[in-house]
Structures are given as structure tokens and as C-alpha cells.
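Novice: starting from these lines, generate the structure:
(chains A, B, C and D)
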2 protein chains.
Amino acid sequence: MAKRKSLKEDPCPVARCIDVVGDRWALLIIRDAFEGLRRFGEFQKSLGVAKNILSTRLRDLLHAGIMEIMPASDGSAYQEYVLTPKGRELFIVVLSLRQWGEGHLYQHGERCATLVDRKSGKTISRIELRTSDGELIALEDAVFKK
Amino acid sequence: MAKRKSLKEDPCPVARCIDVVGDRWALLIIRDAFEGLRRFGEFQKSLGVAKNILSTRLRDLLHAGIMEIMPASDGSAYQEYVLTPKGRELFIVVLSLRQWGEGHLYQHGERCATLVDRKSGKTISRIELRTSDGELIALEDAVFKK
DNA sequence: CCGTATCCATTCCGATACTG
DNA sequence: CAGTATCGGAATGGATACGG
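Specialist: Numbering: from 1, shown residues only, chains lettered A, B, ... in the order given. As a prediction, this is how the structure comes out:
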């Protein structure tokens, strides 16, 4: 006993997410992947994580279908880790964390990277809630319907 | 040596978030709080977590300013745990996880709660990216500007 | 440079007993 | 019902050595 209960079969999708990306490193690896990191050593240096941990985390992400292996883009013999479409859809998750962190976990000053539209260069705005016909909703008005 | 490195001072806001809500239970407690749970026993029953763990997690969330103590609404002697404004702003985070999980971690069928606007009853749509002037952006076009 | 394997310390978690 | 105390086991993390 004292067996860690898996959340994979939990009826709540949030719980299932946490089972997949809810550890200390997964979302940070994914964040780095969004910033263009691909190689084992790049992740290792960026995160300062032990190599064995990184190794198992990457394997977990591969197995979860969030990342995939690609042949090295520079012709070297090694492989690179890139996000799958499923993984790229975690962008909203990472972004929402980023926005919350910027708003509540910073004193002032230190502004880090902002997000822009590649085409127009325009800043991407804070995530908001809308109804299906585009109407803005306040956080307080969002309720769950069983 | 072998000292767990704190992410509190990390320059990246995502990392700081993970330091605060990146464990196995915090976001699930917060999720439950959004669904109206307030009492120690309610959380405990919903999560199936050991009481000592729940106790420390709630204390951490109080200390992080994400939840706060309120006198019991039913006149009983006990206290209740409710989200602060800072905590409620995690709604987007929980929702983005939920949407990703629904999209990628479910086979089919089992649809869980959907989100509606309290006033109009209209369904709240999938989170999307927009520029500051309201234009929709595809995920692929969002890039970080240092 | 890319990883795997090993060893050890720390942290986390679950179960239970216990107090008020 | 609401928590605290304690214990043992599991998972995690760090450092390093090693092989491809």
C-alpha cells in the first residue's frame, strides 16, 4: 500500500492533465520547447536539471505524445525533441501560467518576454473568456453546468 | 548539495508559478474551490487525499495568498477556505488545462461539466489568442519577443 | 555531445492514531 | 468535523561515473 494513486482515469480532465504534466519539470521543458530548444543539452543547460531526470521526463513526454523525436536539423548524429501538435496545444496552458505569474508573482520592473503575432508584430493580449458568439465574460460570471 | 533549488527567484514567471501550484494537489484544490467547495472535509472527500497532506497544502495556499480563511457560512464553529481574488485569477489556468485535457486525454463519450455564462446561459468557448485590437491569432503565429 | 546507470539525500504521499 | 502527529514507503532530485 501507500501506492500513489494514478489520476489517469480520474473523471476530471484537469486531474488527468496533472497526471501528465503536473510534475516539477514537464511544463518547463515544454516552455523551453516553445522557445525553440530542441537538444538534450540545451534543455539540460536551460533547466539545470540532472541528466537522468531530464532523460526520464523527455521519455515520458514522448510516450504521452507531447513531444517527438526528429533527426537533428544540423546533420549531426543526434536527435532532437520537438513538440507534436498535441504538445503545441499546451501553449495556452503555458501562456496562462505566464500571465498569472507576471501579474501576481513579480514585484515590478523585470519584464520578461512578451508575446507577439509573427505576422503583424502586434502584442498578444491577455487571455479572456468569451461566449461562443464572441461576447466577453467576466471571470465571476463563469459557472459550471453539469 | 542535493539541495532542491527553489524556483521562486527564477526569472521566468512560468517557473515561479510551478513553484507555487506545481505540485500534485494545489491545482486540484483550486479546481474544487471553483466548484464551490469550502470545507476541509469537502476537499478531503473530493480529492481522496490524506488529511495531513491536505492540511499542509491548504496552509501553503493560504500563505501564498491564493486562499483565505472565512468564518463558516452556516454558523458552525469551523472555518472555510475560499479563493482570494489572486486565486480566482487562476481560473484561466484551470480552464486551459481542462480544455486541453478534454481535447487530448479523453477517448470519447464522457463529457464532463461545461462552462456557461451565468447571466445568459451561453456556453463559453475555447480559449483563443487575440491581438490587443481583437484580431484572432493562430497558435503557430505567436512568438516571443525578447 | 548524448544519454544511461548508480548511489544517496530529500521530499512527498498514504494510512492511521490521536486531540479538541 | 477539523485538524495534528507520526511512521514507512515511494517518488523525485542531485552528483557523478560510465559507455556510445
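Novice: just confirm A:S6 is within a helix.
Specialist: No: going by DSSP: H, G, I helix; E, B strand; the rest coil, the assignment for A:S6 is coil, not a helix.
Novice: nearest residue to it in space, please, no chain neighbours.
Specialist: Sequence neighbours aside, A:D19 is the residue nearest to A:S6 in space, at 6.3 Å (criterion: Cβ to Cβ, 6 or more residues apart in numbering or on different chains). Bear in mind the C-beta positions are built from the backbone N, C-alpha and C, glycine included.
Novice: does the one you found really touch A:P13, like I thought?
Specialist: No: with contact defined as Cβ atoms under 8 Å, A:D19 and A:P13 do not form a contacting pair (10.5 Å).
Novice: okay, those two: which has more neighbours?
Specialist: More crowded of A:D19 and A:P13, by other Cβ atoms under 10 Å in any protein chain shown: A:P13, with 22 against 19.
Novice: could you measure from the residue nearest to A:S6 over to B:I53?
Specialist: If you measure A:D19 against B:I53 using Cβ to Cβ, to the nearest Å, the figure is 17 Å.
Novice: just A:A64 next, same as before
Specialist: Distance from A:A64 to B:I53, by Cβ to Cβ: 25 Å.
Novice: who has more neighbours out of these two?
Specialist: When A:A64 and B:I53 are compared on other Cβ under 10 Å, the one with more neighbours turns out to be A:A64, at 17 against 14.
Novice: right, quick check: the helix or strand of chain A with the lowest mean pLDDT against chain B, any contact?
Specialist: Least confident helix or strand, chain A: strand A:142-145 with a mean of 84, by mean pLDDT, DSSP states H and E. Yes: contact of strand A:142-145 with chain B is found when judged by Cβ under 8 Å from any Cβ of the partner chain, involving A:A142, A:V143, A:F144, A:K145.
Novice: which strands and helices sit next to that strand?
Specialist: strand B:114-117 (3 or more Cβ pairs under 8 Å, 6 or more residues apart in numbering or on different chains; DSSP states H and E).
Novice: check which helices and strands the next helix or strand after the strand it packs on sits against.
Specialist: The helix or strand immediately downstream of strand B:114-117 is strand B:129-130, counting by DSSP states H and E. Here strand B:129-130 is seen to pack against strand B:136-137 when contacts are counted using 3+ Cβ pairs under 8 Å, 6+ apart.
Novice: can you list the strands that the strand it packs on pairs with?
Specialist: According to DSSP bridges, strand B:136-137 forms sheet pairs with strand B:129-130 (antiparallel).
Novice: how many neighbours does the single nearest residue of chain A relative to DNA strand C have?
Specialist: Using Cβ to the nearest atom of the strand, A:G41 is the residue of chain A that sits closest to DNA strand C, at 2.4 Å. Residue crowding around A:G41 was assessed by other Cβ under 10 Å; the count is 12.
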